[in-house]
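Student: just to be clear, the model below is a prediction. Sequence and coordinates:
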There are 2 protein chains.
Amino acid sequence: MTRSRSRRANEAWEALLTAHAALMKRFAAEPIWGELSMREYDVLYTLSKHDEPLRLFELGRGVLLSQPALSRLVDRLAERGLIERAPDPEDGRGVRLALTEAGREQQRRVGGRHAVDVARAVTAALTDEEIAALEAIGRKLAAQGAATPAQRHHEEAVL
Amino acid sequence: MTRSRSRRANEAWEALLTAHAALMKRFAAEPIWGELSMREYDVLYTLSKHDEPLRLFELGRGVLLSQPALSRLVDRLAERGLIERAPDPEDGRGVRLALTEAGREQQRRVGGRHAVDVARAVTAALTDEEIAALEAIGRKLAAQGAATPAQRHHEEAVL
DNA sequence: TTAAGGTAGATGCAAACGCATGAAGATTGG
DNA sequence: CCAATCTTCATGCGTTTGCATCTACCTTAA
């Protein structure tokens, strides 16, 4: 019955939230972050994954932060010389954000240490099969979360 | 080889983070929250799961918030009449936190609507098997995250 | 018993956040 | 072509957060 499936979905989501909170706290407590907050690192990491400069709103998709807060976070990182802001030649409203060399170096430094902690925690808790399953499930959920409200309403109509 | 397993662990963690951010944004955008922020709701929900009053630090385990921030968040909820603070008779330092009737009612109201959105998103993205797997994996990760640094160092020694 | 150390929670203060809004460039329809 | 609308990002402002620190209470051991 639908009721049980809905209930299981909520319990699974709660388990995800609990895992997220517990591990984020653990990672935040590690003495690896230097001058960076985890949010700042998140921005540097996102930029490091892309070769081409990112627009602010593209950066915003991956970061759980309001647009003004992200705008100012980028401000601060730019003032510290970790990010470079340039006007977008193809869109006068936009900015193109890229890591500076110092920013890339900083991201690599912290990222390398953080990856060790992540690997230690995840591999200690899960089997290979579970790790693979988590990745697949995470991607599916992310894709669902990225769907626009309009798309979602369409789904509703279909249901 | 260990390298590949570590790498997969990091990719799985990243997928979890992406899913978390995407879905949190979606849920936050729903017009169901009334006067509550999601963090406030999180506190009310955590209290609603327990019949006995909770200590502040117990509440803090589930919430991704610093101790002072949580202390003040509880302050505000108490001022709004949603939470009741009482001194702990067994520990003069502590407080016992419980929902008031208004707080419980508010939690049920918002929680019911939120559960619908969660169920819709999760069931649209995942099969029954995946939902069950996510719950199991989430619990394992949360247990790992909850391990104390001392325990973790022990694990390191064992590895 | 009492001094030393640990834990729970509160508070001062600067930094960061979200909401509302504004300015400026892009897009669309008549 | 241009007015209306939308999108992107920045800024004003009140609220919330985190860090450091403080107080009060509990625990342990000499």
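Tutor: On my side now, so go ahead.

Student: from here on, contacts and neighbour counts on C-alpha atoms
Tutor: OK.

Student: around DNA strand D, which positions in chain A sit nearby?
Tutor: Residues of chain A lying near DNA strand D by CA under 7 Å from any atom of the strand: A:55-58, A:67-69, A:71-72, A:93-96.

Student: closest one of these to B:E129?
Tutor: A:E58 (32.5 Å; CA to CA).

Student: check the gap between that closest one and DNA strand C for me.
Tutor: Using CA to the nearest atom of the strand, to the nearest Å, A:E58 is found at 15 Å from DNA strand C.

Student: likewise A:G145?
Tutor: In terms of CA to the nearest atom of the strand, A:G145 sits 17 Å off from DNA strand C.

Student: phi first, then psi, for A:E35.
Tutor: A:E35 adopts backbone torsions of phi -90, psi 0, taken as degrees, to the nearest 10.

Student: cool, and A:R55?
Tutor: Here is the backbone geometry of A:R55 (degrees, to the nearest 10): phi -80, psi 160.

Student: with adjacent residues omitted, what lies nearest to it?
Tutor: What sits nearest to A:R55 in space, not counting adjacent residues and going by CA to CA, 6 or more residues apart in numbering or on different chains, is A:R96, at 5.1 Å.

Student: now A:L64
Tutor: Take A:L64 and drop its neighbours on the chain: the residue closest to it by CA to CA, 6+ apart is B:A21, 5.6 Å away.

Student: rewinding a little: would the residue nearest to A:R55 count as being in a helix?
Tutor: No - per DSSP: H, G, I helix; E, B strand; the rest coil, A:R96 lies outside any helix segment and is strand.

Student: looking at it, it is touching A:P53, isn't it?
Tutor: Yes - here A:R96 reaches A:P53: they are 5.2 Å apart, a contact under CA atoms under 8 Å.

Student: one step back: tally of neighbours for the residue nearest to A:R55?
Tutor: 16 (other CA atoms under 10 Å in any protein chain shown).

Student: which helix or strand in chain A has the lowest average pLDDT?
Tutor: The helix or strand of chain A with the poorest confidence is helix A:149-158; it has a mean of 42 (mean pLDDT, DSSP states H and E).

Student: biggest helix in chain A by residues?
Tutor: Criterion DSSP state H: the longest helix present in chain A is helix A:2-29.

Student: the helix or strand following it versus helix A:2-29: what angle between them?
Tutor: Following helix A:2-29 in sequence order, the next helix or strand is helix A:38-48 (DSSP states H and E). Going by axes from the mean of the first three to the mean of the last three CA atoms, to 10 degrees, helix A:38-48 is angled at 100 degrees with respect to helix A:2-29.

Student: near DNA strand C, anything from helix A:38-48?
Tutor: Yes - using CA under 7 Å from any atom of the strand, helix A:38-48 comes into contact with DNA strand C via A:R39.
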